[in-house]
Each structure stands twice: as structure tokens, then as C-alpha cells.
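A.B. asks: predicted model follows, preceded by the sequence.
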Amino acid sequence: MKKSIVLFVFAAFTFLTLMNACKNENPTASTDDLAEMTEEEEDIDEQYLYADNLYKENCASCHEKTVTKFIQREWLHGNSWNEVNRSIRYAHTFMEKVDFVKTLPDSAFNKLTDYILVRLEQETIESFATDMDYSGTIQSDNFAFTLDTIVKGLEIPWGIDFLPSGDILVTDRNGNFYRQKEGEEKVLIKGTPKVHYEGQGGLLDVKVHPDFATNQTIYISYSKPNNKKEANTAVMMAKLVNDELTDKKIIMDAKPYTTLKYHFGSRLEFDKEGHLYVTIGDRANRDENPQDLSKYPGKIHRFNADGSIPTDNPFIDSTGAIPSIWSYGHRNPQGLVFDKATGTMWESEHAPRGGDEINIIRKGANYGWNEISYGINYNGTVFTNTTHKDGMEQPEFYYMPSTGTCGLAMVTGEKYPAWTGDLLAGSLRFKYISRLKMEGQKVVGEERLLENIGRLRDVKMGDDGYIYFTVENPGLVFRIMPVQDAI
Ligand code: HEC
């Protein structure tokens, strides 16, 4: 009796922690849906207890007594939902002592899979440092550094970019836009557009034109409201003169507008030929948007710097297709960076529970959402068992469990020799920087930097060769300073 109460409390705690952690990326977590969530919650508790018993009776004899130990293994057959499910069903069929494969009902395999993966998420959350102190020298695997605080007094610094003067431009999702000269008071930029500061929307990314010194041009992305309480993802180009935006022109007004407040995208990045790329999420309408080329959401778009459409875009001659589309089948891409040496475009995007992706973006390619995915729904049910399909791209890497990936940089230059060529991906959910160790274009390992520092929104290489990143509430911009002789 006592045991089952403990289990029940634990299951409820697991669920609530997960729901809480996912809240900001979870379309079902709006207040309208609270009643529905409570029902799901009860359902999950029951499923959890059922699966916990199944595990004890059928699995613990060979694997570890508790599932916690079991999931710490080096996975032989992978730990995506499909792979774990397949292992439970088929990895054991040749073993003499195993009769659960024949006796368990089909649904039990799915429930055991959910159970193992929910525990895997919980394990990840618990494994993070809580007693961190980042005021002194911080030792990573192979490199020592300190943190400088560059911008303070923000709420949710969503995007940063750098002016030729070395000043930093920083957007706050609440609509405020600042210029920061190091060591001075930050300056509020005037003339910014009205933004829809709701859900995941607001003032989002900023990008400085590569020739800013001669044309004073910048770009901002934001959730643009209409008069029906709906919003979309829009991109404005403007001149930044005397801390004011002038000569404003909207170059993308991504229809359809919707009242849904999720999955706006919307990173801005230039390639070396001077094309501007814009990411847009599926706007929480996964069934209609990402695979439909006549709709903006769920795509990466490509423009000329003046907002016109390049004539070599892949769908420019396809009837009904939006001509700015460069790639499609995306869920919520919030990280974008070019490898300056090779020109490769790297992107990161949120998946549902499990399966946040790191992709290489190719012209005209389909990234599969929502037909293929490594994730499961937030309530633990599966929405697709398919992870591969012909004509759809596979991620280069995916996170299991999901980290809520946001912001992406590639380490270049001389300042961080131990990290050169690695990708840095922010984690909103687990509040750290994921350093993806690279060998060429292969991800060969991960180091978690700065665990629990705060919800990571953006990470970027500055023109000065230093790494900058932003965290939320309190909203701060940090710079990573190498400690040359501390190793
Ligand atoms: C008779 C012992 C035995 C029992 C009972 C058993 N397993 Fe296994 N399990 C193994 C062995 C051995 C392997 C490794 C098989 C291989 O090398 O492919 C394995 C592999 C797995 C894997 C793949 C792990 C990986 O590294 O990719 C999963 C998942 C798994 N088992 C889950 C379960 C679950 C859930 C149950 C209970 C329903 C269960 N097993 C019951 C012996 C057992």
C-alpha cells in the first residue's frame, strides 16, 4: 500500500515536472486546455503504474531492478521511441527464458516504451547540477573560461547581433529593442513595430546587413498582429540611424495569420552570397502547414537582401508554391548558422517530446514534419511510428529527451582552440549550452556547458571572435572569455 502511494506521488511529480518543463513549447498548455490536461494527467498516472508493474514482473529479472539503472546503459539499439519499442518486441525473441514476448498484450509494448522514455527524461532533469557557481573560472572537458555579463535588465532576450562598431543589438521578446555599447547604459531603439507579445510570440530575431557600414540596414523578425487578435511571423528591414528605425519595409508577411501563439520560428541569417534566410515554425498547425508549399509556416525562406526573391529558389516555377521557400517540413526551427568555411547551413528545431533535431539544410529538401519524427506527443501517445521515408531528410543528430533547442552557433577563429568547428546549441528546457563535438560534419559527442544557467535563447559568435549567449528572466547577455593559462 505504502509503496503504491509513493509510486503514485512519484508518477504525478514526474508528469508535472515534464508538463512544467515543456510548458513554453507546448501548444496544449494554454489556459483553454487546462481541463483537458487534468484528464491526461490521470490517464498517465494509471499508465505509469501499469507499466511500472509490467517492468517489475517481466524485465527486472534480467535488466536492473529499477528502470533508472537500466536506462543508464550504453544503448545497443538506439533510444528513440521506435528503437526502444522495437527492442522490447524483437531483441528478446531468440532468448530462451523470455516468454513475455508471447504473453503480453500488444499495447503493453507501447506502454513500456513510454515508461522507459519518461523515466529517461526524468533522469536527465535530475542529473543536472543545481549547486553551480559561475562567478569564477569554469572548467569544461578541455577548456577553461570565465563569463562576462554584457547586457543586464532584460526579460527575454530573444536575439542578438553585432554592429561594425562592436555594439550589440538585442531584442527583448516584450517588444523592446536595445543597442548596448560595452560598459555603458543600454539605449532603447525607437520606431520598432507593434508586436504580438503572447505565448511564444513577440519581438524575435535581429540581423545586421553585412554592409551595414555603408547602408545602415538591419532586419528584425516578430509576431505581427492584425486587428482580429491573430498574428503571424513577419520580417521588417529598416535603417538604424541615431538609434531609430527609419525607411521601414516589411519583406515577409507570412500568411496565414492565426490566434495560435506557438511556433513562430524565426531566425535570420545571411549566407556568404548575401541571401537572407528566415525560419518559420508550423504555427502549431502541423497537419496543414509544414508539407503544403502554398503556405509560409513550417519552412525556411530565402530572400535577396532587398527583400526580393532570388531567381534560383527551388520552387520559383512550381504552381501555387510560395516562391521564397528554400526547404520545408519543419516544426519549429529556432537555430540557424552557416559554416563559414564550407557554406553548409546548419539548423536546429524543436520536436515534440523527444527528437529535437540538428539538420543540414539543403535546397528544396523536405525535413519530414509531421510525417516522420523521433518524438512522441506531450501526453505520451505516439503520433507517428515513422522515422524514415523516401524523399525526406534525416537529422544529423537528435536529442532524446528533447532539450527545447534554441539558438545555434559554430565555433570559429582562434579564441577557443579546443572547441573549433563544434556546434553550440542552446537548451531552453534544461537551461544549458550543448556543445556538439564535431568531426567534419559528424556529431561525435556532447558536452553540457553551464548547466542550469538559465533558459538559453540565443548563442552566437561575435565579429570580435568571442561567443555570446542570452538567458531569460533575469534576461542577460553573457560573453565566454577563455582563460589562457588555467588548463
Ligand atoms: C531473459 C532476460 C531478459 C528479459 C526478461 C528482458 N530482457 Fe531486455 N534485453 C536482454 C538482453 C540480453 C538484451 C540485449 C539484446 C541484444 O544484444 O540485442 C536486452 C535488450 C533490451 C533492450 C534494448 C537495449 C539497448 O541497449 O538498445 C530493451 C529496450 C529491453 N531489453 C527492454 C526490456 C523490457 C522492457 C523487458 C521487459 C518487458 C525486457 N527487456 C526483458 C535481456 C532481457
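C.D. replies: Yes, it's here.

A.B. asks: tell me who's in contact with Leu456.
C.D. replies: 406-407, 426-428, 431-433, 469-471 (C-beta atoms under 8 Å, 6 or more residues apart in numbering). The C-beta positions use only the backbone N, C-alpha and C, and glycine is treated the same way.

A.B. asks: between the residues you listed, which sits nearest the ligand?
C.D. replies: Checking those against the ligand with C-beta to the nearest ligand atom, the nearest one is Ser427 at 24.5 Å.

A.B. asks: how close does the closest residue to that closest one other than its chain neighbours get to Glu393?
C.D. replies: Using C-beta to C-beta, 6 or more residues apart in numbering and skipping residues adjacent in sequence, the residue nearest Ser427 is Thr403, 3.8 Å away. Distance, Thr403 to Glu393, by C-beta to C-beta, to the nearest Å: 20 Å.

A.B. asks: which of these two has more neighbours?
C.D. replies: Thr403 (24 against 18; other C-beta atoms under 10 Å).

A.B. asks: thinking Pro482 is in contact with Leu147, fair?
C.D. replies: No - at 11.4 Å, Pro482 does not count as touching Leu147 under the criterion of C-beta atoms under 8 Å.

A.B. asks: can you list residues touching both of these two?
C.D. replies: Joint contacts of Pro482 and Leu147 (C-beta under 8 Å, 6+ apart) do not exist.

A.B. asks: secondary structure element for Met481?
C.D. replies: When elements are assigned from DSSP states H and E, Met481 belongs to strand 475-482.

A.B. asks: so how far is that strand off the chain centroid?
C.D. replies: Chain-centre distance of strand 475-482: 20 Å, with C-alpha atoms, centre = their mean, to the nearest Å.

A.B. asks: helices and strands around that strand, which ones?
C.D. replies: strand 144-154, strand 157-162, strand 168-172, strand 467-471 (3 or more C-beta pairs under 8 Å, 6 or more residues apart in numbering; DSSP states H and E).

A.B. asks: may I have the lengthiest strand in the chain as CSV, with CA atoms only?
C.D. replies: For the chain, the longest strand by residue count, based on DSSP state E, is strand 244-258. The C-alpha trace of strand 244-258 is given here as CSV (Å, rounded to 0.1, in the frame of the first residue of the first chain):
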residue,chain,number,x,y,z
GLU,A,244,15.8,54.9,-34.5
LEU,A,245,14.4,52.6,-37.2
THR,A,246,13.5,54.5,-40.4
ASP,A,247,12.8,53.6,-44.0
LYS,A,248,10.9,50.6,-42.8
LYS,A,249,9.7,47.9,-45.2
ILE,A,250,8.1,44.6,-44.5
ILE,A,251,9.7,41.9,-46.7
MET,A,252,7.8,38.9,-45.4
ASP,A,253,4.3,38.8,-44.0
ALA,A,254,3.9,35.0,-43.6
LYS,A,255,0.2,34.2,-44.1
PRO,A,256,-2.0,32.7,-42.8
TYR,A,257,-2.4,34.7,-39.6
THR,A,258,-3.8,32.6,-36.6
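
A.B. asks: what residues are up against the closest residue to Lys415 other than its chain neighbours?
C.D. replies: Among residues not flanking Lys415 along the chain, Gly465 sits closest, at 4.9 Å (C-beta to C-beta, 6+ apart). By C-beta under 8 Å, 6+ apart, the residues touching Gly465 are 412-415.

A.B. asks: my reading is that Gly465 lies in a strand. Confirm?
C.D. replies: No - applying DSSP: H, G, I helix; E, B strand; the rest coil, one finds Gly465 to be coil, outside a strand.
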